[in-house]
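# sequence and predicted structure below; questions after.
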Amino acid sequence: MELPVNPFKASLNGTTRYGCWAGFGTAYAAEILATTGFDWLLIDGEHAPNPVPSILAQLQAVAAYSSAPVVRAVNHDPALIKQLLDIGTQTLMIPMVDTAEQAEALVRATRFPPHGFRGVGGGLTRATRWDAVPDYIQTAHQELTLIAQVESRQAIDNVEAIAATDGIDAVFVGPADLSTGVGHVGNPGHEDVQAMIRHALKATKDAGKAAGILAPAEEDAKRYAEWGFDFIAVGIDISLLRQAAMQTIARYKADAPQANSSRTY
Ligand SMILES: O=C(O)C(=O)C[C@H](O)[C@@H](O)CO
């Protein structure tokens, strides 16, 4: 069989793509989300209780739907990256990328020799469809999308070099960590943070790469779409459930906790 096409990569054509964070860590919840029309889903291995087997189950669950999966690793560990690629992750997001050197190391972790040092899983892996894809070693990189998350002052200072790194396909701004790290805790809307976000966007676009961001508040998401972000996570499934549950009970109980849709990170 042919190497599976990466639907996320294919969708990055200049139209803003809207995604949702998948934080439940279960295939069942991810599959529900995949039926709701989001262009892409972030299967979060950083902050959700999501080891490799549950990420695998979610990739399998959403494979039949048009929402493209993006997997976020918890760290830069090449051994973990190898496992995530071996289970069939084609779009991989790595948090806390602060320097071009880190970005280059991440690219090498995703490439087979001589371009990198990814180990060969061959017929053991879902990525090769258990050896049904004959030229996987030669072609895997063509359908890979590697996303570097920038979410610190250092990362913003280095964002031109990170974005320009060969093999980095996209840069994703983490507004919660960025705002917290520069002293504007819980306030990504602060003008200093907004200036950093714009700077990251410009550097990414100047490098010819795609830019993404998390923006659960509607006015933020609309502004970032106008600015030119290519992919925006506009919801977090756990927050959506909680908000909907609170709004429902508030219709029946006057003393129910108040839903606050702007408290979203
Ligand atoms: O810094 C950010 O923003 C992110 O990286 C997203 C966070 O991990 C979290 O707020 C998602 O709920």
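Happy to help now that I have it. In this text, all values refer to a predicted model and were calculated from it rather than measured experimentally.
# need the contact list for whichever residue of the stretch 101-250 of the chain sits closest to the ligand.
Proximity of the stretch 101-250 of the chain to the ligand (CB to the nearest ligand atom) peaks at residue 174, 2.6 Å away. Any C-beta I mention is one placed from the backbone N, CA and C, and that applies to glycine too. By CB atoms under 8 Å, 6 or more residues apart in numbering, the contact set of residue 174 is 95, 149-151, 214.
# how about the helices in the stretch 101-250 of the chain?
136-139, 153-157, 159-164, 175-181, 191-206, 218-227, 237-250 (DSSP state H, counting those that start in this stretch).
# pull out the buried positions in the last one.
Buried residues in helix 237-250, counted by 16 or more other CB atoms under 10 Å: 237-240, 243.
# same for that helix, what does it pack against?
strand 17-22 (3 or more CB pairs under 8 Å, 6 or more residues apart in numbering; DSSP states H and E).
# return the alpha-carbon coordinates of the strand it packs on using PDB.
Extracted C-alpha coordinates of strand 17-22, given in PDB (Å, rounded to 0.1, in the frame of the first residue of the first chain):
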ATOM      1  CA  ARG A  17      -8.000  25.500   9.900                       C
ATOM      2  CA  TYR A  18      -9.900  25.200  13.200                       C
ATOM      3  CA  GLY A  19      -9.100  22.600  15.700                       C
ATOM      4  CA  CYS A  20     -10.000  21.300  19.200                       C
ATOM      5  CA  TRP A  21      -7.800  20.100  22.000                       C
ATOM      6  CA  ALA A  22      -8.500  16.500  22.900                       C
END
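# report the angle between it and helix 218-227.
Angle, strand 17-22 to helix 218-227, by axes from the mean of the first three to the mean of the last three CA atoms, to 10 degrees: 140 degrees.
# okay, now the sheet partners of strand 17-22, with direction.
Here strand 17-22 is paired, per DSSP bridges, with strand 40-44 (parallel), strand 231-236 (parallel).
# which residues does that strand contact?
Outside strand 17-22, the residues that reach it (CB under 8 Å, 6+ apart) are 8, 11, 29-30, 33, 36, 38-44, 48, 58, 67, 70, 214, 221, 230-238, 240.
# ok, and which of those reach the ligand?
Restricting the contacts of strand 17-22 to those near the ligand by CB under 6 Å from any ligand atom leaves 214, 236.
# give me the buried subset of the contacts of strand 17-22.
By 16+ other CB under 10 Å, these give 8, 11, 29-30, 33, 38-44, 48, 58, 67, 70, 214, 221, 230-238, 240 as buried.
# and residue 186, how far is that from residue 83?
34 Å (CB to CB, to the nearest Å).
# one more: residue 70?
Distance from residue 70 to residue 83, by CB to CB: 16 Å.
# just list the residues touching the residue in the stretch 1-150 of the chain positioned nearest to the ligand, thanks.
Here the residue of the stretch 1-150 of the chain nearest the ligand is residue 47; by CB to the nearest ligand atom that distance is 4.9 Å. Neighbouring residues of residue 47 by CB under 8 Å, 6+ apart: residue 23.
# now do 10 Å
21, 23, 72, 74, 95, 176, 238 (CB atoms under 10 Å, 6 or more residues apart in numbering).
# quick one on the thing from earlier: in TSV, list the helices of the stretch 101-250 of the chain along with mean pLDDT.
Below are the helices of the stretch 101-250 of the chain laid out as TSV (pLDDT from 0 to 100):
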stretch	mean pLDDT
helix 136-139	98
helix 153-157	98
helix 159-164	98
helix 175-181	98
helix 191-206	98
helix 218-227	98
helix 237-250	96
